[in-house]
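Undergrad: 3D model of this:
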Amino acid sequence: MFKTIGAVNLVFSLCCLPGTSQANDFNLTRLGNVLSFEGYITPDSARAVTKELEHNTDVFLIDSFGGDAVAGLQIATEIRKKDVLVIVNRYCLSSCANYIFVGAKRKILNSAGIVGFHGGLTGSPPPVLEKNDYPFLTENELKKEQIDLQRQYLREADFYKSIGFNPEFLKKSFDLTKLERPERYIEIIADKKNYHFELKYADKAKEKMAQLDAAHKSYEFHVMTNVQVKKKFYFPKKETLEKYGVKGIEKYEYPRNPVEIRELKKGLDKEYLLPGLILVGDDF
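TA: Next up, the predicted model:
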C-alpha cells in the first residue's frame with residue numbers, strides 16, 4: 001500500500017459511546033467485548049486498536065478502505081495473537097483484506113459486505129523505487145525508503161508463511177485489477193495561481209519552488225494524476241480464498257448472480273461513498 005507524506009507519494013455502524021477514540025481518519029468504539037473500527041488503517045489507528053486489544057475483546061467489527069501496510073500487519077498480528085473474531089460489516093479493502101481478514105484465525109463476512117483485494121507486496125519480486133517517480137527525494141531519502149520497503153516485504157512474507165497463506169493470490173488479484181498507469185504531473189499553488197509541470201520536468205518545478213523560497217512566498221506542491229483512479233477490487237469466493245490457504249472462514253456471504261452484484265455496489269455507492277466501484281469476482 002502507498003501512503004502520502006507531505007505531498008510526495010511513497011510506498012506504503014455503532015453510535016459514539018463513552019470511551020470512543022476518534023481521529024480524522026478513523027472511529028474506534030467499544031461496546032462490551034466488541035471493538036468496532038471504521039476508517040483508514042494508519043499508524044495512529046493501529047496504535048489505538050493495539051491498545052484497545054489489551055482489554056478483553058472477543059469481536060473486532062470492521063469497515064475499512066485499507067491504508068498503511070505496516071499498520072495493517074501490526075493490527076493483524078495482534079488480532080491473530082489474541083484469537084479475536086473479525087467480522088466485516090460492509091467493506092474490508094486493500095490492506096484490511098490483505099492482513100486483517102486473511103490473518104485472523106476466525107473471520108466472518110456479513111451479508112451485503114465485500115472483501116476486496118488489488119495486489120500486495122509479496123507474490124511478486126520485491127518492488128524497486130524509481131528515482132523518476134520520486135523527484136523530490138534525495139538519493140539518501142530514496143535509499144532509506146527502499147530499505148524500509150524491503151523490510152516490510154520480508155515481514156509480510158514471514159507472516160504469510162507462518163499462517164500458511166500463499167501470496168500468489170495477491171499477484172492474481174493484482175493482475176485482475178490493474179489499470180493503465182495514469183500520467184503524473186507536479187502542481188505548485190502560489191499566489192492563487194496553479195503551475196503544472198510534467199514529471200520529467202521536475203527540475204523546472206524545483207527551480208520554481210526555489211524562486212518562491214527566495215521571495216519568501218508560501219506555496220503548496222503536489223504530485224498529481226491527470227485521471228481519476230477507479231476503485232477496482234477482486235472479490236473472491238470463499239473456495240478461492242481457501243484454495244490459497246486462508247483458514248477460519250466461519251461465514252462468507254457471496255453474491256449469487258449479477259443482479260445481487262449490482263445491488264451490492266449500488267448500496268455501497270450510496271451509503272459508503274464508493275462511487276465508481278468496480279468489482280471483479282470469480283463468477284462475474
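
Undergrad: Dump stretch 84-97 to CSV, restricted to CA.
TA: Provided in CSV are the C-alpha atoms of stretch 84-97 (Å, rounded to 0.1, in the frame of the first residue of the first chain):
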residue,chain,number,x,y,z
VAL,A,84,-10.2,-12.3,18.1
LEU,A,85,-13.1,-13.0,15.8
VAL,A,86,-13.0,-10.5,12.8
ILE,A,87,-16.4,-9.5,11.3
VAL,A,88,-16.5,-7.5,8.2
ASN,A,89,-19.6,-5.3,8.4
ARG,A,90,-19.8,-3.9,4.9
TYR,A,91,-16.4,-3.4,3.4
CYS,A,92,-12.8,-4.5,4.0
LEU,A,93,-10.5,-3.4,1.2
SER,A,94,-6.8,-3.3,0.4
SER,A,95,-4.6,-3.7,3.5
CYS,A,96,-7.7,-4.5,5.6
ALA,A,97,-8.3,-7.6,3.3
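
Undergrad: per-residue confidence averaged over it?
TA: In this model, stretch 84-97 has a mean pLDDT of 96.

Undergrad: Kindly report the same for stretch 206-226.
TA: 86.

Undergrad: got it, and stretch 25-41?
TA: If you average the pLDDT over stretch 25-41, you get 95.

Undergrad: same thing with stretch 123-131?
TA: Averaged across stretch 123-131, the pLDDT comes to 80.

Undergrad: Longest helix in this protein, by number of residues?
TA: helix 139-163 (DSSP state H).

Undergrad: which residues are contacting whatever helix or strand comes next after that helix?
TA: Next along the chain after helix 139-163, taking DSSP states H and E as the criterion, comes helix 168-177. Here helix 168-177 makes contact (Cβ atoms under 8 Å, 6 or more residues apart in numbering) with 98, 117-124, 232-234, 236, 240-241, 244-245, 278, 280. Where you see a C-beta, it was placed from the backbone N, CA and C, and this is true even at glycine.

Undergrad: which of those residues are buried?
TA: Among these, those classed as buried by 16 or more other Cβ atoms under 10 Å are 98, 117-123, 232-234, 236, 240-241, 244, 280.

Undergrad: and these, which of them are in strands?
TA: Judged by DSSP state E, strands contain the following of those: 232-234, 280.

Undergrad: those helices in the protein, which residues are they?
TA: 43-52, 69-81, 95, 102-103, 139-163, 168-177, 202-214, 238-243, 258-272.

Undergrad: Would you reformat those helices as JSON lines and include distance to Asn110?
TA: Below are the helices of the chain laid out as JSON lines (distance: least, Cβ to Cβ, whole Å):
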{"stretch": "helix 43-52", "distance to Asn110": "20"}
{"stretch": "helix 69-81", "distance to Asn110": "17"}
{"stretch": "helix 95", "distance to Asn110": "20"}
{"stretch": "helix 102-103", "distance to Asn110": "17"}
{"stretch": "helix 139-163", "distance to Asn110": "23"}
{"stretch": "helix 168-177", "distance to Asn110": "21"}
{"stretch": "helix 202-214", "distance to Asn110": "46"}
{"stretch": "helix 238-243", "distance to Asn110": "14"}
{"stretch": "helix 258-272", "distance to Asn110": "12"}
